[in-house]
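Asks: let me see the structure of the following:
(chains A and B)
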Amino acid sequence: MSEGRAVGVPLLQVEDLTVEFVTEHGWLPVVDGVSFEIGRQETIGLIGESGCGKSVTAMAILGLIGGPSGRVARGRVLLDGQDLLVLEEPELREVRGRRIAMIFQEPMTSIDPAFTIGKQIIEVLRRHLPLSRAQAKQRAIDLLDRVGIPDPHRRFDDYPHQLSGGMRQRVLIAMALSCEPDLLIADEPTTALDVTVQAQVLELLAGLQEELGMAVLLVTHDLAVVAETCDRTIVMYAGEVVESADVTALFPDPRHPYTAAMLANLPGLHPGEPLRPIPGIVPPRHALPAGCWYSPRCEHRTDACGATHPQLVDLGTRRVRCLRADELDLPGVGR
Amino acid sequence: MSGARPPILRVEDVSKSFPASRDLLGRVTARLQAVVGASFEVAAGETLGLVGESGSGKSTLGRLVMRLIDADRGRIILDGADITDADRHELRAARRKMQIVFQDPQSSLDPNWIVGDIIAEPLRANGVVKSERHEIVARLLEEVGLEPAHRSRYAYEFSELVVCDEPVSALDVSTQAQVLTLLEQLRDRLGLAYLFIAHDLAVVHHISHRIAVMYLGQIVEIGPADEVYHRPRHPYTEALLSAIPNADPAARRNRIILRGEMPSPVDPPPGCRFQTRCAYAMDVCRTDEPALSSQDGIDVACHLHDQGPTLSGATVVDLAPPISTDLDR
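Replies: Residues are numbered from 1 along each chain as shown, chains lettered A, B, ... in the order given. A predicted model of the protein is given here:
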């Protein structure tokens, strides 16, 4: 638990976040004026197709955008009211791991194959906490046990390649949660796993979230996983937020045609009926269409949609970026 | 599906193992049993979905069908011709009738690759001239919302059976829908048969006429897609289906979570291969291997259907709560 927490302030506030990358067309925004909040212990699903900017948003929150090819052009990322984007790297490192932790899709890229899993967890623990070697080892074994690694004393000395994909993801979760962070950012954490192992890992994450009282930002293209695990959903398109609402409101009653189209794309919901793919692809930033950026692919577009870029309108229980949000009756899931 | 035409593919009791370890002299000391006694048929124009977790043997089975690897035992019959022992020359002829589409994250990002593998080839074999082929291909792509690209790169060969190995698993939902729709249109217009291998059961249910479920190298259940999906007969099928996340937030439910991991195919458990993780396992399951037996067009290998509660072909979903819960540890 953190010190100096401001009362009544959301855990994380992302304000007007704009991230640019160098392309052959110059600096172009990949994340464009994104704002949202994450409450304490809340689970948020960030969804959208590849290229919508959802992973870049997650990286920016972690302060991982930099170097010659990427920059945060605008915006603030406030953790308990403190802007992370103005912190120097040593302070940022303290925030990462201690307050905000992350897990990614492919555990092998985040775990060093040359060291035993025990050694790697101890390293994380001792970087952030004043523990002796023996204390750290005991804590590491407890962590492995907590994430459901059988026989943790023996597994402690295993190398990553000796574990299955599901077990490696558990080790990664153990490392991420070793300092009991307030926010866990999980980028496609179960995408590479079998559905049965995915169910195990999601159950584990939900249990640990409750136990530790942490918030989760789940970045995924799997809408069904979001429906099952999240409180709220943020839908991104071409670098912008186009809709956000509680999961129980968004899935049965989408208001943005892009959200509705993604739901209509899900196989298995309406067996025997053809899927209705969205034509085309997400437009590249150097060739954005006039008006609404989704309009060329939208089956509900009117002339006005090609002329005016819609604002993200706050309707109280949801936000939506569509000129026709009030008049459209879009099909959702489960009604 | 079972009309007068013979099946385009018949697989009879096929098994395949690989050396898993060797001693100092290079002699094999343990073998990994990848596929054990698999039998099934695919009718012309039919899609058989093959599901199972990593290590279930489903991809090995696809490669065996394609004769990319050789079976230890059993027969593979393509369009009436036994290709199990076909030599290189005969195989070349057989491969004109079948294609394989692999999962490849690089090329999968460009769904046009599927066209090269599937669309243009049957058109050519059916005598459609080049300019017309291009027009048909362009129209098909347009219908599913894809930009026609790389038209000149299409390889032209004939195929009647397409083995699809995880063709959409690396794609996000909208691209996946485009590719699935394209595959369906090709199948329905050109009469292609698919052996559709995937771990995503929602995808497999969507595209398949029949579904075969594999566990540790064996087919444990096979039947019409809707039956297998809605009324699973095998406890493993039930658990696998239960693990699928549901996009309807109102439908959040208690699911069966399989404990532990799949045993090693080098040293599979005695009796039923699923008994170490099965909530319903009985004494007989730990000693006797269940055979695949047929009831109402559904084959299932499980003792529950002839011993113990005796389901006699009914779905396992209606069965009373599990006999023991010590699997939770």
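Asks: ok, which stretches of chain A are strands?
Replies: Using DSSP state E, the strands of chain A run over A:12-23, A:26-38, A:43-47, A:70-79, A:82-83, A:100-103, A:183-187, A:215-219, A:232-237, A:240-246, A:313-314, A:318-320.
Asks: of those strands, which is nearest B:G80?
Replies: Closest approach to B:G80 among those (C-beta to C-beta): strand A:43-47, 48.1 Å. Bear in mind the C-beta positions are built from the backbone N, C-alpha and C, glycine included.
Asks: walk me through which strands the closest one pairs with, and which way each runs.
Replies: Strand pairing for strand A:43-47, using DSSP bridges, gives strand A:215-219 (parallel), strand A:232-237 (parallel).
Asks: does B:G271 touch B:D283 like I think?
Replies: No: using C-beta atoms under 8 Å as the test, B:G271 is too far from B:D283 to be in contact (9.2 Å).
Asks: re earlier: and the strands of chain A, which one averages the lowest pLDDT?
Replies: Per-stretch mean pLDDT for the strands of chain A is lowest at strand A:100-103 (a mean of 90).
Asks: just the residues contacting that strand, thanks.
Replies: A:58, A:61-62, A:79, A:96, A:110, A:169, A:172-173, A:176-177, A:179, A:181-187, A:189 (C-beta atoms under 8 Å, 6 or more residues apart in numbering or on different chains).
Asks: switch the cut-off to 6 Å
Replies: Identification of contacts with strand A:100-103 by C-beta atoms under 6 Å, 6 or more residues apart in numbering or on different chains yields A:L172, A:A176, A:P181, A:L183, A:L184, A:I185, A:A186, A:P189.
Asks: the second one: what's it in contact with?
Replies: To tie it back to what came earlier, the one meant is A:A176. Neighbours of A:A176 in contact, by C-beta under 6 Å, 6+ apart: A:A101, A:I103.
Asks: pLDDT score assigned to it?
Replies: pLDDT, read off for A:A176, is 87.
Asks: swap in the last one?
Replies: You'll see A:P189 listed with a pLDDT of 87.
Asks: returning to that earlier point: just flag the most distant two among the contacts of strand A:100-103.
Replies: A:L172 and A:L183 (16.2 Å).
Asks: the bottom helix or strand of chain B by mean pLDDT?
Replies: helix B:105-108 (a mean of 42; mean pLDDT, DSSP states H and E).
Asks: hang on, I meant chain A
Replies: Per mean pLDDT, DSSP H and E, helix A:107-110 ranks last in chain A, at a mean of 60.
Asks: so B:R189 sits in a helix?
Replies: Yes: counting by DSSP: H, G, I helix; E, B strand; the rest coil, B:R189 is found in a helix.
Asks: burial count for it?
Replies: Residues lying near B:R189 (other C-beta atoms under 10 Å in any protein chain shown) number 12.
Asks: can you tell me how far it sits from B:R259?
Replies: As defined by C-beta to C-beta, to the nearest Å, B:R189 lies at a distance of 45 Å from B:R259.
Asks: low-confidence stretches in the chain?
Replies: No chain was given, so I picked chain A. Chain A contains residues with pLDDT under 70 at A:1-7, A:105-109, A:271, A:335.
Asks: switch to chain B, please.
Replies: If you take pLDDT under 70 as the line, chain B has these spans: B:1-5, B:101-134, B:136-159, B:170, B:252-254, B:320-329.
Asks: can you add mean neighbour count and give the strands of chain A back as a markdown table?
Replies: Shown next, in a markdown table, are the strands of chain A (neighbours: other C-beta atoms under 10 Å in any protein chain shown):
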| stretch | mean neighbour count |
| --- | --- |
| strand A:12-23 | 18 |
| strand A:26-38 | 19 |
| strand A:43-47 | 25 |
| strand A:70-79 | 18 |
| strand A:82-83 | 15 |
| strand A:100-103 | 23 |
| strand A:183-187 | 24 |
| strand A:215-219 | 24 |
| strand A:232-237 | 26 |
| strand A:240-246 | 23 |
| strand A:313-314 | 12 |
| strand A:318-320 | 22 |
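Asks: make TSV from these and add distance to B:V163 to it.
Replies: What follows is the strands of chain A, written out as TSV (distance: least, C-beta to C-beta, whole Å):
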stretch	distance to B:V163
strand A:12-23	39
strand A:26-38	38
strand A:43-47	32
strand A:70-79	41
strand A:82-83	54
strand A:100-103	34
strand A:183-187	32
strand A:215-219	33
strand A:232-237	35
strand A:240-246	39
strand A:313-314	49
strand A:318-320	43
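Asks: among the strands paired with strand A:43-47, which is nearest A:T116?
Replies: strand A:215-219 (28.0 Å).
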